[in-house]
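Undergrad: Task: produce atomic coordinates for the following.
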Amino acid sequence: MTRFRWLVAFLTLWATLGCIIFLGGPDYPTTSVPFSPEMGQTAQAQLKTAIAEATQSGRFTLTLTQEHLTALLNARLQERSGLNFKEPLVLLHPDVMEIYGKVQQGNVVANVKISLAVSVNAQGKPQFQIVSVVLGPLPLPQGVLESITAMLNEAFVGAVGPAATGLRLESIVIEEGRLTLRGRVR
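TA: The predicted structure follows:
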C-alpha cells in the first residue's frame, strides 16, 4: 500500500511538472481595450500627419489612445524574438500609464502590472520612469526594473522614432484613455 501512495504522488508531481504553472499576480482590468494591427498603422499615419503639419507651422500635436499604444507595443514585442512578455495591455489614467501582460519562463506563467510616469527628457524624447511593478508573488530586482525600462523606451521610441526624426517633444500629457504629445520642429 505504501508503494502505491508513493507511485500516485510521483505520477501527480510528474504530471504537474508537464503542465503550465500559473503563479498569479495582478488581475487584468475589467476594462477591455480592443486593438488590432491596423490600430498601430493608424497611429503611424497620425504621426506622419502631425509631422506634415509641423513642417508648415513649426509645431505638432499627436494624440494616441490606449488602443493605439497597445497595438504599437504588441507589434514591437512580436518583432523581438526571445521576449517572454505576452498579451500586453496599455491603460492610460491621469499622469500614469499602466501596462499589463503575462510573463512566461518555461512552464511558469505570471501576470505583471507596470505603472509608469512618462515625461520628456532634455533631448526632447520620451522618458519612462517605473513607479511600481507587480509580477506574480515575486519581488523584482533593480536590474530587472532597468531592463524593463530600457525595453519600454526602445519599444515606444523605436515605434515612432524613425518617423519623428527632426521633432522635439515639449510635453507629454496623460489623461483618461489618451496620451497627447506636443512639440516643435528642431
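Undergrad: alpha carbons only for contacts and neighbour counts from here, please
TA: Noted.
Undergrad: Next, count neighbours for Pro34.
TA: Neighbourhood size, Pro34 [other Cα atoms under 10 Å]: 12.
Undergrad: Got the phi and psi for it?
TA: Per-residue torsions, Pro34: phi -70, psi 130 (degrees, to the nearest 10).
Undergrad: Is it in contact with His68, as I believe?
TA: No. Contact criterion Cα atoms under 8 Å: Pro34 and His68 do not qualify, at 9.6 Å.
Undergrad: Need the overlap of contacts for the two.
TA: Common contact partners of Pro34 and His68 (Cα atoms under 8 Å, 6 or more residues apart in numbering): none.
Undergrad: Report pLDDT for Val8.
TA: Val8 is assigned 56 on the pLDDT scale.
Undergrad: In this protein, what residue spans correspond to strands?
TA: Remark: strands assigned in the chain by DSSP state E are 21-22, 59-65, 85-93, 96-105, 108-120, 126-135, 167-175, 178-185.
Undergrad: I'd like to know which helix or strand in the protein has the lowest mean pLDDT.
TA: Across the helices and strands of the chain, mean pLDDT, DSSP states H and E gives its lowest value to helix 2-17, namely a mean of 57.
Undergrad: For stretch 137-148, what is the spacing between the initial and final residues?
TA: From its first residue to its last, stretch 137-148 covers 18 Å (Cα to Cα, to the nearest Å).
Undergrad: oh, and call the first residue 288 from now on, that's how I've got it
TA: That works, and once the first residue is 288, the last one we named lands at stretch 424-435.
Undergrad: Before I go, just wanted to say thanks for your time.
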